[in-house]
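Asks: attaching a predicted model along with its sequence, questions to come.
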Amino acid sequence: MTSGLEPQWVSGPFGTHNKYCTHFSRNLLSASVFPAQLAAEDLKRTRILASNLPSGPPATKASASSQSFSTSIHLQLNNAAVAGNPASILHAYQSLCKAELRHRQAPDLPKNDDKSQKARPTRLNAAAHERVSLRKQQALRLQALRASKIAEPSAAAAHQALAAKYGYEGSAVLEADQRRRATYKPRRLKATPMDHVAVRTLAMVPVSRDIGPGTKNPHRIAQQTRIWACWAKLPHTSKSFSVGGDLAEHRGLRRHLYFANLARTFGGKPVGLRLAYKPLVLISDPADAEQIFEQQKSPIYKAMEGIFGTGDHASLFTSQSASPYYRSIRKGLAPAFNSSNLKQSFGRLSALMQPVVSHINTTGASGAVDVFALAGHVTVDAISLSLYGDDAGSTSDLSIPKPRYAQILDPAMEGFTKTAVVPWIRHLTFIPAIRRIQQAVQRVHKENEVMVQRLRACQPPPASLGAHLLALTDPATGKHLSDGQLAAELVTIFFAGYDTSTASIAWALYLISIHPHIQERIAAELDALGLLQTASRPQPRALDWEDLSQLTYLRNLIKESMRLWSVAPGSTRCLEKAACIGGYEIAAGTLVQVSFHGIHRSSAVWDQPDECLPERWEEPGADYVSPSAGNIRKIVPSQSSSGRSIQPDLFSDASAAASSHKATQKDKSSPARRFMPFSYGIRSCVGQNLANVTMLTFIATICSNFSLKLAPEMGSPADVEASAIVLLTLQPQNGILLQCVPRATL
Ligand code: HEM
């Protein structure tokens with residue numbers, strides 16, 4: 001019978017093989033993994049070959065016993081091939097491979113050449129058997145599989161293939177991974193085995209995207225592999241394994257709800273999110289958050305520099321905490337926000353409220369006023385006042401919906417946030433939307449130049465923020481800040497202070513308007529200080545600096561409002577070293593985001609987290625996790641051991657945090673902080689005192705003069721809350737329209 005595939009005898013370890021034996025066994029082996037790939041024709045040809053196979057190699061070329069061994073293997077293959085049973089083929093083929101290995105391992109066995117074949121022992125000795133470790137068998141099998149072009153479906157082979165592709169010694173990664181697997185203890189919330197398989201497959205994507213195909217950077221590859229391997233062990237959302245991952249939810253307008261839901265669903269555990277090809281760990285536990293704040297800022301902040309300065313200058317917001325520039329700027333600016341300095345400009349700040357009250361008196365009588373828009377004008381003027389010792393004239397025309405500077409800055413910042421995950425897209429200027437972002441950035445740069453000129457020309461008062469800025473020196477040059485550096489700092493201050501203070505004021509007034517009993521308690525407090533407008537007191541005295549510390553209930557309401565409506569949704573860090581967070585290993589280089597909103601709305605951290613209860617702040621130590629709070633991991637408070645006050649002052653000394661990193665590092669036995677609208681630690685908000693003063697002044701003045709009610713145009717409180725979106729900050733999409741009735745008319 002001639003099939004065109006006549007057997008050809010070649011020399012092998014056990015004598016002469018039929019060369020087609022390996023060939024068609026591979027065919028069937030392939031079919032055993034991918035049955036669909038075994039074409040009918042291939043099967044036919046294989047069967048013909050099998051039927052043509054002699055029972056063993058010619059006796060003249062091999063010793064009798066090796067012939068019998070080889071023959072038995074060949075027979076197995078033949079039988080399996082004839083039966084068309086892929087599992088038997090695989091088994092027989094593995095036996096052949098093992099036999100070959102044993103032959104090579106045995107030191108007393110002569111190597112495979114025709115001359116020494118006569119000296120070959122009659123059977124494999126025990127020592128040779130022992131040397132064939134399981135590991136080597138597996139290695140051989142992998143080798144055989146690869147030679148037959150069959151993709152090994154396991155993660156181990158995927159890693160090895162990756163390592164081979166990028167020239168990296170993959171076994172180190174594999175071994176490290178195996179060690180981690182061995183020590184990995186399944187948690188209450190763990191990914192399913194299928195999740196792990198999916199993640200392993202996904203893990204290939206970021207490696208090629210981040211590093212670029214063909215790049216042989218073993219360190220980066222190992223780092224990425226470690227990041228994904230640790231990430232895979234975290235609890236995940238159902239979205240983590242979809243095509244875009246959690247990107248849409250994470251960058252979406254309603255991401256605060258997503259964060260709050262995750263915090264509740266996972267009981268505060270770290271959650272692995274995937275933003276397209278970037279892994280991210282979301283933190284919603286106060287104790288974990290404290291660990292994170294000590295880490296370096298994520299590269300996302302660096303990407304802001306193009307918007308902040310005219311020449312990509314680092315600023316207080318974007319530079320790394322360890323850099324001499326950051327330390328020097330923070331130390332130099334923080335005193336400008338001390339209570340003694342703020343006190344000096346308080347009279348002018350309080351005076352900014354007069355046009356606001358007049359505006360409400362005139363327009364509010366006929367309908368509702370948008371307190372969100374009004375707050376925007378006051379905060380821009382308040383920041384300008386602290387910078388230049390003079391306002392920006394924003395409160396002089398309150399009919400404009402947005403302050404002029406915000407109109408310039410907001411489109412650029414929104415463009416930045418929309419492109420933050422894929423920053424390279426900003427170079428595609430042929431796309432009209434990208435071109436618009438670039439134009440907005442250029443407008444910000446132009447405005448920055450005007451602001452710098454104004455600052456240099458105006459000679460700000462010594463206590464002002466502007467004077468502190470002009471006195472700063474760059475440690476790298478020893479000279480005062482250049483125009484570019486000043487511009488970067490100025491835009492940072494406006495960006496960080498304007499939107500946040502505005503939205504915080506609006507949310508607090510909204511809560512007051514929908515809770516009459518809270519409004520009455522605030523009114524009573526103001527009345528007691530002689531600040532409330534009444535029929536008998538139509539012109540109450542003006543608010544002064546000392547009143548601020550007396551308004552305890554109002555301050556508690558503001559804190560409660562900042563808890564419920566944390567306008568900064570989160571803060572992102574990049575782990576410098578591998579860390580154990582919430583019981584999970586997180587690799588160095590992982591992006592970690594603390595979700596303020598998640599922590600502040602977590603039922604594991606707060607009793608009745610969705611209720612507005614200003615009274616909760618009357619309890620000592622309410623800022624910290626207490627044993628009575630939910631079921632979350634907590635550090636038991638020990639006031640004596642930590643030696644610090646657990647009731648923080650309204651005006652904290654921000655310079656203390658900056659002067660020493662150690663100052664912010666906590667005693668491990670002290671309670672974890674659960675209230676952090678201004679973030680926490682060395683990178684906490686430097687302007688929080690100014691923000692507190694502005695919020696108190698605005699809200700106290702409005703509540704002194706008006707009784708507030710949510711305007712019918714806003715619908716129900718549920719409608720207002722549903723309108724909350726995250727642009728730069730968490731803000732009400734349709735503003736906050738309130739009916740303001742002068743108290744003297746009640
Ligand atoms: C209610 C109002 C405010 C809130 C809720 C707020 C919140 C925050 C938060 C959460 C951070 C940390 C951001 C991060 O880590 O990504 C921050 C940083 C910062 N804030 Fe504020 N902020 C407010 C008002 C202000 C004001 C009025 C100013 C200045 C006039 C200001 C200036 C800054 C600066 C310069 C930083 C960066 C500090 C650093 O990295 O050292 N903020 N703020």
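Replies: Received, thanks. Please read all numbers here as calculations on a predicted model, not as lab measurements.

Asks: ok, the residue in the stretch 551-700 of the chain that the ligand sits nearest to - contacts?
Replies: Using CB to the nearest ligand atom, the single residue of the stretch 551-700 of the chain nearest to the ligand is Gly687, 2.2 Å away. Yep, even glycine has a C-beta here, placed from its N, CA and C like the rest. Contacts here follow CB atoms under 8 Å, 6 or more residues apart in numbering; on that basis Gly687 touches Phe337, Ile493, Ala496, Gly497.

Asks: count the neighbours of the first one for me.
Replies: Which is Phe337. By the criterion of other CB atoms under 10 Å, Phe337 has 25 neighbours.

Asks: how about the second one?
Replies: Number of residues near Ile493 (other CB under 10 Å) recorded here: 26.

Asks: likewise the last one?
Replies: By the criterion of other CB under 10 Å, Gly497 has 24 neighbours.

Asks: can you classify it as helix, strand or coil?
Replies: Classification of Gly497 by DSSP: H, G, I helix; E, B strand; the rest coil places it in helix.

Asks: I figured it hits Leu690, correct?
Replies: Yes. Between Gly497 and Leu690 there is a contact under CB atoms under 8 Å: 6.9 Å.

Asks: need the residues touching each of the two.
Replies: Contact criterion CB under 8 Å, 6+ apart; residues shared by Gly497 and Leu690: Ile383.

Asks: can you map out the strands along the chain?
Replies: For the chain, the strands defined by DSSP state E occupy 9-12, 15-18, 271-275, 278-283, 296-297, 369-370, 570-574, 579-581, 584-586, 591-595, 706-710, 724-726, 730-732, 737-742.

Asks: what about the helices in the stretch 401-550 of the chain?
Replies: 404-418, 432-458, 465-471, 483-514, 516-528, 545-550 (DSSP state H, counting those that start in this stretch).

Asks: so which of the ones you listed is nearest His236?
Replies: helix 404-418 (24.4 Å; CB to CB).

Asks: how many neighbours does Pro324 have?
Replies: When neighbours are counted by other CB under 10 Å, Pro324 registers 11.

Asks: in space, what's closest to it - neighbours in sequence excluded?
Replies: The shortest distance from Pro324 to any non-neighbouring residue, by CB to CB, 6 or more residues apart in numbering, is to Pro475 (4.2 Å).

Asks: ok, the one you found - contacts?
Replies: Pro324, Tyr325, Ser328.

Asks: okay, now the domains of this structure?
Replies: 9-147, 305-745 (automatic domain parsing).

Asks: for the shortest one, what is the average pLDDT?
Replies: Over the span of domain 9-147, the pLDDT mean works out to 45.

Asks: up against the ligand, what does the chain have?
Replies: For the chain, the contact set with the ligand under CB under 6 Å from any ligand atom comprises 316-317, 330, 383, 492-493, 496-497, 500-501, 504, 567-568, 571, 677-679, 683, 685-687, 690-691.

Asks: hmm, which of those residues are the buried ones?
Replies: Among the residues of the chain next to the ligand, those scoring as buried are 316-317, 330, 383, 492-493, 496-497, 500-501, 504, 567-568, 571, 677-679, 683, 685-687, 690-691 (criterion: 16 or more other CB atoms under 10 Å).

Asks: so who does Gln459 touch?
Replies: Neighbour list for Gln459: empty [criterion: CB under 8 Å, 6+ apart].

Asks: any idea how far the residue nearest to Pro324 lies from the ligand?
Replies: 16 Å (CB to the nearest ligand atom, to the nearest Å).

Asks: I'd like to know how many residues surround the nearest residue to Cys230 once chain neighbours are set aside.
Replies: Counting by CB to CB, 6+ apart, Cys230 lies nearest to Ala587, which is 4.5 Å off, once chain neighbours are set aside. By the measure other CB under 10 Å, the count of residues near Ala587 is 22.

Asks: who's in contact with Ala587?
Replies: With CB under 8 Å, 6+ apart, Ala587 has these contacts: Gln223, Arg226, Ile227, Ala229, Cys230, Trp231, Leu575, Ala578.
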